[in-house]
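S.K.: Attaching a predicted model along with its sequence, questions to come.
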Amino acid sequence: MDFKQEVVTALAAVLTDEVSEADIAKLVETPKSSAMGDYAFPTFTLAKIRHMAPPMIAKDLVEKIDATPFQEVKAVGGYVNFFLDKVSYAHSVLTTIAEQQDKYGDLTLGKGNVPIDMSSPNIAKPMSMGHLRSTVIGNALANIMTKVGYSPIKINHLGDWGTQFGKLIVAYKLWGSEEEVKAEPIKHLLEYYVRFHKEAETKPELDEEARAWFKKMEDGDEEAKHLWSWFREASLAEFNRIYKMLDVDFDSYNGEAFYNDKMDAVVQTLQDKGLLKESQGAEIVDLSKYDLNPALIRKSDGATLYMTRDLAAAIYRHDHYDFVKSLYVVGGEQREHFQQLKAVLLEMGYDWANEITHVPFGLITANGKKLSTRKGNIILLEKVLNDAITLAKQQIAAKHPDLENADQVAREVGVGAVIFHDLKNERLDNFDFNLEEVVRFEGETGPYVQYTNARAHSILTKATAQPLPEVALTDPAAWDVLKALGDYPNIIKRAADTYEPSVIAKYALRLAKAFNQYYATTKVLTDDAELPARLALVQATSDVLTNALALLGVHAPAEM
């Protein structure tokens, strides 16, 4: 049952000529406190129409509204406050969740394929905390897209081509050894890469050598191809170990190299359509009509760029997947690049470019400083995950020393803590990472939500009665939990519409807090007539928390 719609319908019946039903729906608010009602309608916009003070309008509306479906409708200042019938609301919400279980909150906002460009680490460089955001935001969006009817396709657009490989080959040949790379590939490849940049500051000829080796790669030189392939495979093996820890998988690993043979066709199409212009020896597409800088397609030496490759990738994905939306989960600093990408595709006559969306995000910093692989200022993601698991294990041992599957739970809690901490932050926000704050069982953390769910499981395990949502629940202490449970489908819609997983993470925290407050004031297992209804509330809370965490890519252990 759509309880907000009931409010809108009741208001529309007495505001027929003054405000449309659609506008009423936009104006209806949710008060911060249940004491102020469950929904509120501000009358201030009517003051100009009626030439009356808002409190007078509110009082007039209350006298005319059919209050039958509600517990109470009253005027408070310039607001009409609606109090829902708590018993019928509880019955509706609890029976719906009991019937639908993990399908609760499923929506059909659309259907069709949605490629999601995500994670995209650079070959031969370690996965750092800087790669976490794209990976977990992209994974959560894939889960959310599934929840609302779409078919996501997770694409790991690997950074497996470019001049950095020329640098790496030069560095390897100067300072590297096969034994070192075979023993710990990424560790030593990173050392070579960082050393190259330090040495190149005083030896510019190294950059020339690097460009020459990259040219050999492009020309198919056997040694260059062998080294590139070796670095790629060794890197992927390490990446996949970390993805396994995060419980993230991909439908495609087609990276930059995959599009090498697809760029000539893009450049040819741009030429055929008269879009390529020369500028200082390079070839560009003029985007001044979009109020954008020109898109650089080919450098003066004929080399292609990220833009050329991304145009080829976008066209391939549309042809291959026939997508209805295409998402790029890439840092906010690339905003102009994706504006240019869409603009060039539109100039090429591809109207489907309107369905491309850049999903930007802010930075993770360490002690306020931006992470940089080139400067060696990185926090290794695998180390963070392992440290988080260790911290989780210590806290679990203190709280539940005889837990049977402690190692597995510590893994789910530690990794889940890192994922949840990232996703509770709004995408565009920057945040400083502090591991000890992340893996706490108290406060606004993933372990707090997981622990709340485990507490709900514990209650259900101890119960002798069965959860029965049909039994009337009249306990006013349960109201904030019930309202949060009823809000879940709206939360899913908002997260999907805005590509914002933090909406779900913040909701999980709100539901967990409401449940813990309820548990602190109510003896759930008291053997009385409402016990089955209270257990239904506990079961519903566990079901929704588990589902919300799953959408974020976080496990919900039954014991902690």
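M.R.: All right, it came through fine. Bear in mind that the values here come from a model prediction, so they are computed numbers and not experimental data.
S.K.: who touches the host helix or strand of Lys483?
M.R.: Using DSSP states H and E, Lys483 falls within helix 479-486. For helix 479-486, the surrounding residues in contact (CB atoms under 8 Å, 6 or more residues apart in numbering) are 3, 34, 38, 86, 89-90, 92-94, 97, 473, 507, 510-511, 514-515, 517-518, 537, 540-541, 544. Where you see a C-beta, it was placed from the backbone N, CA and C, and this is true even at glycine.
S.K.: Let me know the average pLDDT across that helix.
M.R.: Taken as a whole, helix 479-486 carries a mean pLDDT of 96.
S.K.: helix or strand right after it?
M.R.: For helix 479-486, the following helix or strand on the C-terminal side (DSSP H and E) is helix 488-498.
S.K.: re earlier: just the buried ones from the contacts of helix 479-486?
M.R.: Those of those that meet the buried threshold are 3, 38, 86, 89-90, 92-94, 97, 473, 507, 511, 514-515, 518, 537, 540-541, 544, by 16 or more other CB atoms under 10 Å.
S.K.: Following element in sequence after the longest helix along the chain, please.
M.R.: In the chain, with assignment by DSSP state H, the single longest helix is helix 222-246. As assigned by DSSP H and E, the chain's next helix or strand after helix 222-246 is helix 263-272.
S.K.: Pull out the buried positions in that following helix.
M.R.: Those would be Met263, Val266, Val267, Thr269, Leu270, for helix 263-272 by 16+ other CB under 10 Å.
S.K.: Stretch 379-390 too?
M.R.: The neighbour-count check on stretch 379-390 (16+ other CB under 10 Å) flags Ile379, Leu380, Leu381, Glu382, Val384, Leu385, Asp387, Ala388, Ile389 as buried.
S.K.: I'd like those as a markdown table, with secondary structure appended.
M.R.: Output for the buried residues of stretch 379-390, formatted as a markdown table (DSSP: H, G, I helix; E, B strand; the rest coil):
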| residue | secondary structure |
| --- | --- |
| Ile379 | coil |
| Leu380 | strand |
| Leu381 | helix |
| Glu382 | helix |
| Val384 | helix |
| Leu385 | helix |
| Asp387 | helix |
| Ala388 | helix |
| Ile389 | helix |
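S.K.: quick one: contacts of stretch 245-258?
M.R.: 119-120, 123, 135-136, 139, 153-162, 232, 236, 243, 309, 313, 382, 385, 411, 415, 419, 553, 555.
S.K.: got it, and stretch 147-156?
M.R.: 105-120, 138-139, 141-142, 145-146, 248-255, 317, 321, 323-325, 492-493, 496, 551.
S.K.: Let me see the contact set for the closest residue to Glu238 other than its chain neighbours.
M.R.: Spatially, and ignoring its direct neighbours in sequence, Glu238 is nearest to Ile186 (5.2 Å; CB to CB, 6 or more residues apart in numbering). Contacts for Ile186 (CB under 8 Å, 6+ apart) come out as Ala124, Lys125, Pro126, Ala234, Ser235, Glu238.
S.K.: ok but the third one is inside a strand, no?
M.R.: Put plainly, it is Pro126. No: per three-state DSSP, Pro126 lies outside any strand segment and is coil.
S.K.: Determine the number of other residues adjacent to it.
M.R.: Counted with other CB atoms under 10 Å, the neighbours of Pro126 add up to 24.
S.K.: Confirm for me that it is in contact with Leu380.
M.R.: Yes: Pro126 is within contact range of Leu380, at 5.5 Å (criterion: CB atoms under 8 Å).
S.K.: confidence score at the residue nearest to Met127 when sequence neighbours are not counted?
M.R.: Using CB to CB, 6+ apart and skipping residues adjacent in sequence, the residue nearest Met127 is Leu381, 4.5 Å away. For Leu381, the pLDDT comes out at 92.
S.K.: cool, the one 4 residues further on as well?
M.R.: As summarised for this prediction, Leu385 has a pLDDT of 96.
S.K.: hmm, back to that, may I ask which two of the buried residues of stretch 379-390 are separated the most?
M.R.: Ile379 and Ile389 (15.8 Å; CB to CB).
S.K.: before we move on, the earlier item: and the contacts of stretch 147-156, which of them are in helices?
M.R.: Applying DSSP H to the contacts of stretch 147-156, the entries found in helices are Gly138, Asn139, Leu141, Ala142, Met145, Thr146, Arg317, Tyr321, Ile492, Lys493, Ala496, Leu551.
S.K.: hang on, the last one packs against Ala140?
M.R.: The one in question is Leu551. Yes: counting by CB under 8 Å, Ala140 is a contact partner of Leu551 at 6.3 Å.
S.K.: neighbour count winner among the two?
M.R.: Ala140 (28 against 25).
S.K.: Run a quick check on the more buried one versus Ser502, I expect a contact.
M.R.: No: at 9.3 Å, Ala140 does not count as touching Ser502 under the criterion of CB under 8 Å.
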